[in-house]
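Asks: need coordinates for the below:
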Amino acid sequence: MVYSFQTFIFQSIFLLTGIFSTLIIQNLFNVGAADKTTILTVFVQYLGMVVCRFFPAPTKAHAPRNSVLLQPPKSFFQAPSHIKKGIFIITSFDVLANVLSTIGLSIIGSGIFQVIHAGVIVFNALFSKYILNKNLNIKQWISVVGIFIGLCLSAIGKDGKLTSPIILIGIVINLLGTICYAVVYVLNEKYLKLPGGPSTVQQSSWIGSAASILCFIYIMVYTVPNYQTLIVDKVRENYGGPPYRWIYISYILLLLVHFLHSYTYFWILESSGAVTTGVLQALRAVTVFFFSSYFFCEIDNAQCLTIYKIESCLAVVVGVLFYSFASRKKEDEEELDPEQIPLNSVEKLN
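Replies: Sure thing, here's the model as predicted:
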């Protein structure tokens, strides 16, 4: 029962922090305190990943089946060369995904942004096939098509025609960011499961540290010299004069939320299956979708609900759930090896 309670807590934290981080960032955009070109919110996210290093790694749910569980390297510099190379590749894609998603979020708003991001499972499936050698069955492909249709519906405006060009650009940018995130998820899963690979906390802090350095250099070169026009003037225009207590509190909360999200994300990635990940993505998409409309519709018309946006959200969520349960059934069928039945039975009891 200890494992079940830990799983519930980690999944709940992962879901709630995912919802709140998107809404906090959207609010910072609205008050002018997080211009997309400053990448301040991106920097805070990576700082949250770095903080993971100062906390012990969560207990593994189970040891990898049919393999010897080797100890993770003591530090990044003592890791094998292929692990170091993998971390640099993941970091590059992660930074690119974050920047593209931040730009997309600032254009299309948090509601549609989260719906499109939930469609990451489509690209996850495609990349898993070639990187992790995972094949899809007919039900999974049907789900992928359903999710794709839902993503297409998100581009339709109130009058049934394609939405404004700027929103379309935002959707395309967000899709590119989502594709990069899918690469990150698949590569993270690959390196976490390698014998002698990093622990969940190590992988989070290593990627966060490398990405933080890149963001810090950019901020010092571009954001700081243009601080007045990029931040101060926009905050005065959208938020008003001091005190700016709420803005400072928002960034502190964002750091805490990103830390908790990263800490639980790598644990869930390593220990949970497709159903868990898919359900959490679907719940997050639906919650942010309707919360964004409630809180931000009066400020930004792009956040308001339309029949096509609702249909898009439903199509993506149903597709994600259907894909997740199809994946679980496929995994169960593949595990029906007579030599593994006792082991599977024990795992299902845990």
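Asks: C-alpha from now on. contacts and neighbour counts both.
Replies: Fine.
Asks: list the contacts for residue 137?
Replies: residue 330 (CA atoms under 8 Å, 6 or more residues apart in numbering).
Asks: cool, and residue 72?
Replies: Residue 72 touches 196, 197, 198, 199, counting by CA under 8 Å, 6+ apart.
Asks: if you set the cut-off to 10 Å instead, what comes out?
Replies: Going by CA atoms under 10 Å, 6 or more residues apart in numbering, residue 72 touches 78, 79, 192, 194, 195, 196, 197, 198, 199, 200, 202.
Asks: do residue 239 as well
Replies: So residue 239 contacts 28, 30, 31, 32, 33, 233, 247 (CA under 10 Å, 6+ apart).
Asks: wait, isn't residue 151 in contact with residue 116?
Replies: Yes - at 6.1 Å, residue 151 counts as touching residue 116 under the criterion of CA atoms under 10 Å.
Asks: joint contacts of those two?
Replies: Shared contacts of residue 151 and residue 116, counting by CA under 10 Å, 6+ apart, come down to 171, 175, 312, 313, 316.
Asks: I'd like the residues you listed laid out as a markdown table, including distance to residue 292.
Replies: Converted to a markdown table, the shared contacts of residue 151 and residue 116 look like this (distance: CA to CA, whole Å):
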| residue | distance to residue 292 |
| --- | --- |
| 171 | 16 |
| 175 | 19 |
| 312 | 15 |
| 313 | 13 |
| 316 | 17 |
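Asks: who wins on neighbours among the contacts of residue 239?
Replies: residue 33 (27 neighbours; other CA atoms under 10 Å).
Asks: which regions of the stretch 1-150 of the chain lie under the pLDDT threshold?
Replies: 1-4, 57-70 (pLDDT under 70).
Asks: can you map out the strands along the stretch 101-250 of the chain?
Replies: Counting by DSSP state E, counting those that start in this stretch, the stretch 101-250 of the chain has no strands at all.
Asks: shaky segments in the stretch 151-300 of the chain?
Replies: 154-163, 269-279, 282.
Asks: tell me how far residue 317 lies from residue 176.
Replies: Remark: distance between residue 317 and residue 176 (CA to CA, to the nearest Å) = 20 Å.
Asks: equivalent analysis for residue 104, please.
Replies: 9 Å.
Asks: quick one: residues contacting the residue nearest the centre of the chain.
Replies: Per CA atoms, centre = their mean, the C-alpha nearest to the average position across the chain is that of residue 181, at 7.0 Å. By CA under 10 Å, 6+ apart, the residues touching residue 181 are 90, 93-98, 101, 117, 120-121, 123-124, 175, 187.
Asks: okay, and which of the residues you listed map to helices?
Replies: Counting by DSSP state H, the contacts of residue 181 place 90, 93-98, 101, 117, 120-121, 123-124, 175, 187 in helices.
Asks: from these, pick the one nearest residue 139.
Replies: residue 121 (13.9 Å; CA to CA).
Asks: with that, I have no additional questions.
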